Structure formats: C-alpha cells, structure tokens
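> Everything below, folded, please.
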Amino acid sequence: MDDNSVLQFADQSVTFEKFVDLLATKVALRMHQVEKGQMEISQAEAYRLFGRADVERWKKSGKLQPCRISPGKKRYKLVDLQELASVQQNFIL
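Numbering: from 1, shown residues only. A predicted model of the protein is given here:
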C-alpha cells in the first residue's frame, strides 16, 4: 500500500499516511500514560484482563489498592496490575 492510498471508514476517508500518523500519535500517548502510571482501568476490565481470582487475591493481601473510587466503581492503575501479574508466584497447597 502506498502513501497515496485512501482508507474508507464509515464516517470519513483519510489517506494512508494520515491514518498512520494518527495511529502512531495515539499509540505513543497510550505508551506514555502506561509508563507514567496514568493509565487506569475499571475493576471489571481488571477482572477480564488479569482474572478475578488474581485481582481479588492481590486486593486481599494489600498488594493492590484502587487509585480512584467513585460510588460503586473502583479503578486501578494498569502499571500496578502489570507488575503484580509479572511476579512469579508459588502457592503451598
């Protein structure tokens, strides 16, 4: 696909080059948010991505705290969840 190609979306048409520039900007912004710990996800999304059992275990052990609580909703920093998920865990049964 060359840079002069036009992509058709339901609401607009853009050149391939413009699409790539917009996508790269959004990806860079998201990476910056994750690296700086600014990316937050809902509790439901945390359950979906990391498993309800793991998220509940991290909360119960005090390793995970919500970064924001509003009535009936909790949000967690994605970087905290990623760090906890990357730790090798051993369980005694």
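
> hey, where'd the helices end up in the protein?
16-35, 43-50, 52-60, 78-86 (DSSP state H).

> Please name every helix or strand in contact with the third one.
Spelled out, it's helix 52-60. Packing partners of helix 52-60 (3 or more CB pairs under 8 Å, 6 or more residues apart in numbering; DSSP states H and E): helix 43-50, helix 78-86. In this view, the C-beta of every residue, glycine as well, is placed from N, C-alpha and C.

> follow-up on the earlier one: tell me which of the helices of the chain sits nearest to S70.
Of all the helices of the chain, helix 43-50 sits nearest to S70, with 11.2 Å by CB to CB.

> ok, residues contacting that closest one?
41, 55, 66, 73-76, 81, 84-85 (CB atoms under 8 Å, 6 or more residues apart in numbering).

> May I have that helix exported as CSV, CA atoms only?
This file holds the C-alpha atoms of helix 43-50, laid out as CSV (Å, rounded to 0.1, in the frame of the first residue of the first chain):
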residue,chain,number,x,y,z
GLN,A,43,-12.4,-3.2,38.2
ALA,A,44,-14.4,-5.2,35.6
GLU,A,45,-11.7,-4.6,33.0
ALA,A,46,-9.0,-5.7,35.5
TYR,A,47,-11.0,-8.9,36.2
ARG,A,48,-11.2,-9.6,32.4
LEU,A,49,-7.5,-8.9,31.7
PHE,A,50,-5.9,-10.5,34.8
